[in-house]
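[1] for reference, the sequence and a predicted model appear below.
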Amino acid sequence: MVTPATPPARDPRLRSSVIVLVLVTLVFTAVALTAFIEKAGNDLLVEIRQSDAHRLRQEAFSALEVTLAVLEDFRQADNGLRSPAEGWGDPLAWAGWSPSAGRTVEVSFQDESGKIPLRRADLTTLTNLFEAYQMPQADAAKLADALMGWMQQGYVYSTSLTPGYSNAELPYAEPGRPLRAFSELSAVAFARDAFFDENGLPNALFWRFVGDVSIFNFSQPNVNGANPDVMAALGQYTEAQQEHVRDFLSGAGQYANQGQQWFANAGTLAAVAGAGGNASAFGTTISALRVTITVREGRSQYRMSAVLAPQGGATINTTNAVNATVAASGTSPSTPTPVTATSQPSSTATSASSAAAASQSINYPFTLLELLEDDEIPQPPPAPSQT
């Protein structure tokens with residue numbers, strides 16, 4: 001009988017290699033599957049958020065229309081809007097409007113025209129404002145000088161400031177027009193160091209400045225919505241005078257028995273503030289009103305911020321376009337350069353023109369100056385917690 005040959009013994013190292021290869025494959029598969037699940041989960045959350053925003057957005061616009069109707073009623077009855085103390089602070093309750101079942105809607109107001117309009121601010125006003133921030137007088141004057149040089153065409157700097165924009169890595173020049181966005185401050189010499197931290201993020205002084213000035217165009221700040229910085233910078237009121245004004249508006253102190261009030265004219269402001277100050281620097285009606293609407297449904301939320309101007313109120317800052325070729329050649333800008341159109345206007349332009357004509361025929365009582373939604377609404381970082 002022939003004895004069968006004994007199979008050769010397997011090398012244990014080969015078996016270990018196979019196990020290691022299988023384990024590595026499983027690890028890579030698990031990592032890839034985890035990354036896919038995370039991405040799919042994030043994509044799903046984005047879709048859900050967009051869907052929720054679309055649903056709640058309609059509710060927000062409905063609330064905005066109701067709010068505007070209430071504001072227009074008060075504006076016509078009182079010949080202008082002055083303060084929520086007039087009775088329009090809760091417009092939805094006033095109109096008896098309620099949102100759909102399961103939803104809540106909140107409406108808040110900020111008097112945008114209670115700020116200093118940057119377009120009309122002068123060097124003295126800006127210097128006073130920055131001194132109210134407890135900045136050294138030299139730094140306050142330098143920062144005001146930098147902003148004026150950025151916003152005014154042909155401005156001659158009054159301090160030792162030398163911006164050096166033309167020597168930057170990407171050379172540029174002062175635009176010679178008012179700010180269109182507060183983010184422009186990051187390009188302004190000296191202002192970039194004052195309003196932004198070492199990481200290029202807006203600091204506390206930036207947000208204070210945003211709360212004190214406006215990039216919209218109106219003649220005078222409404223004293224009924226002015227904060228202490230504005231009162232000190234424009235009205236040159238002392239802290240004691242500012243306290244008198246706050247007590248009058250809030251119905252506190254010696255005005256506790258009268259409740260919340262509002263100023264109807266500069267004469268009343270001068271009488272309440274007392275001797276000194278400049279009451280004529282302020283108006284008493286709202287030129288631009290920021291309306292913030294928040295709609296909630298369960299854990300979903302949608303926010304909308306709209307800046308509205310009543311008839312004859314604030315406007316957006318506009319500047320004439322400059323023909324670079326004409327400017328370089330030194331030709332007088334009073335002679336316009338003709339432009340020949342060689343194509344038909346787009347359907348978008350035609351639609352925009354039709355919409356503008358339709359809005360004029362409707363005679364809408366408010367002008368929408370700005371509309372921001374959700375993440376577009378700038379929010380200052382939360383204050384550091386005190387531990």
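    Yep, it's here. Numbers count the residues shown, from 1 in each chain.
[2] let me see the ranges of the strands in the stretch 251-387 of the chain.
    289-297, 300-310, 315-316, 366-373 (DSSP state E, counting those that start in this stretch).
[3] sheet partners, orientation included, of the shortest one?
    Read it as strand 315-316. strand 216-217 (antiparallel) (DSSP bridges).
[4] now the partner strand: average pLDDT?
    Averaged over strand 216-217, pLDDT sits at 96.
[5] residues making contact with it?
    112-113, 117, 119-120, 178, 288, 307, 309, 314-317, 369 (C-beta atoms under 8 Å, 6 or more residues apart in numbering). Bear in mind the C-beta positions are built from the backbone N, C-alpha and C, glycine included.
[6] go on, stretch 183-197?
    By C-beta under 8 Å, 6+ apart, stretch 183-197 touches 139, 142-143, 146-147, 150, 161, 163-165, 172, 179, 200, 202-203, 205-206, 209.
[7] what about burial for those, which qualify?
    Among the contacts of stretch 183-197, the ones that count as buried by 16 or more other C-beta atoms under 10 Å are 142-143, 146-147, 150, 163, 165, 179, 202-203, 205-206, 209.
[8] quick revisit: where neighbours are concerned, which of the contacts of strand 216-217 has the most?
    Using other C-beta atoms under 10 Å as the neighbour criterion, Ser113 leads the contacts of strand 216-217 with 29 neighbours.
[9] need the per-residue pLDDT for it.
    97.
[10] is it true that it touches Asn222?
    Yes - using C-beta atoms under 8 Å, Ser113 is in contact with Asn222, at 4.8 Å.
[11] any shared contact partners between the two?
    With C-beta under 8 Å, 6+ apart, Ser113 and Asn222 have common neighbours 283, 286-287.
[12] hey, where'd the helices end up in the stretch 251-387 of the chain?
    266-273, 324-329, 347-362 (DSSP state H, counting those that start in this stretch).
[13] contacts for the first one?
    Outside of helix 266-273, the residues that reach it under the criterion C-beta under 8 Å, 6+ apart are 223, 235, 237, 241, 244-245, 248, 263, 277, 279-280, 282, 284.
[14] what comes up buried for stretch 241-259?
    241-242, 244-245, 247-249, 255.
[15] whoops, stretch 268-282 was the one
    Here stretch 268-282 shows 268-270, 272-273, 277, 279, 281-282 as buried, counting by 16+ other C-beta under 10 Å.
[16] report the distance from that stretch to the chain centre.
    30 Å (C-alpha atoms, centre = their mean, to the nearest Å).
[17] show the average pLDDT along it.
    Rounded mean pLDDT across stretch 268-282 is 94.
[18] and for stretch 129-148?
    96.
[19] next one: the lengthiest helix in the chain to chain centre, how far?
    When the chain is parsed with DSSP state H, its longest helix is helix 12-78. Relative to its chain's centre, helix 12-78 lies at 26 Å (C-alpha atoms, centre = their mean).
[20] reformat the strands of the stretch 251-387 of the chain as TSV; add mean pLDDT and distance to Phe216.
    Formatted as TSV, the strands of the stretch 251-387 of the chain follow (pLDDT from 0 to 100; distance: least, C-beta to C-beta, whole Å):
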stretch	mean pLDDT	distance to Phe216
strand 289-297	96	10
strand 300-310	95	7
strand 315-316	94	6
strand 366-373	94	6
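[21] nearest to Gln301, of the shared contacts of Ser113 and Asn222?
    Closest approach to Gln301 among the shared contacts of Ser113 and Asn222 (C-beta to C-beta): Ile286, at 27.4 Å.
[22] so the closest one sits against Val223, correct?
    No - applying C-beta under 8 Å as the test, Ile286 and Val223 come out as separate, 10.9 Å apart.
[23] so between these two, which is more surrounded?
    Val223 (30 against 27).
[24] spatially nearest residue to the more buried one, not counting backbone neighbours?
    Among residues not flanking Val223 along the chain, Phe282 sits closest, at 3.8 Å (C-beta to C-beta, 6 or more residues apart in numbering).
[25] so what's that neighbour up against?
    When contacts are taken as C-beta under 8 Å, 6+ apart, Phe282 is in contact with 220-223, 226, 234-235, 266, 269.
[26] now tabulate those in JSON lines and tack on secondary structure and distance to Trp88.
    Below are these laid out as JSON lines (DSSP: H, G, I helix; E, B strand; the rest coil; distance: C-beta to C-beta, whole Å):
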{"residue": "Gln220", "secondary structure": "coil", "distance to Trp88": "21"}
{"residue": "Pro221", "secondary structure": "coil", "distance to Trp88": "20"}
{"residue": "Asn222", "secondary structure": "strand", "distance to Trp88": "15"}
{"residue": "Val223", "secondary structure": "helix", "distance to Trp88": "18"}
{"residue": "Ala226", "secondary structure": "coil", "distance to Trp88": "19"}
{"residue": "Leu234", "secondary structure": "helix", "distance to Trp88": "26"}
{"residue": "Gly235", "secondary structure": "coil", "distance to Trp88": "26"}
{"residue": "Ala266", "secondary structure": "helix", "distance to Trp88": "23"}
{"residue": "Leu269", "secondary structure": "helix", "distance to Trp88": "21"}
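[27] got the residues you listed as CSV, with distance to Ser108 columns?
    Shown next, in CSV, are these (distance: C-beta to C-beta, whole Å):
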residue, distance to Ser108
Gln220, 24
Pro221, 20
Asn222, 17
Val223, 20
Ala226, 18
Leu234, 25
Gly235, 26
Ala266, 28
Leu269, 25
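[28] surely Ala281 and Ala226 touch.
    No - the pair Ala281 and Ala226 fails to qualify as a contact (C-beta under 8 Å) at a distance of 9.7 Å.
[29] overlap of the contact sets of these two?
    234-235.
[30] then stretch 71-84 to CSV, C-alphas only?
    Taking C-alpha atoms only, stretch 71-84 is exported to CSV below (Å, rounded to 0.1, in the frame of the first residue of the first chain):
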residue,chain,number,x,y,z
LEU,A,71,-47.3,101.2,11.2
GLU,A,72,-49.0,103.1,8.4
ASP,A,73,-52.2,103.5,10.4
PHE,A,74,-50.1,105.1,13.2
ARG,A,75,-48.1,107.2,10.8
GLN,A,76,-51.1,108.7,9.2
ALA,A,77,-52.9,109.3,12.5
ASP,A,78,-49.9,110.9,14.2
ASN,A,79,-48.2,112.5,11.2
GLY,A,80,-45.2,110.3,11.5
LEU,A,81,-43.7,107.6,13.6
ARG,A,82,-41.6,108.6,16.6
SER,A,83,-41.4,105.8,19.2
PRO,A,84,-43.0,102.4,19.9
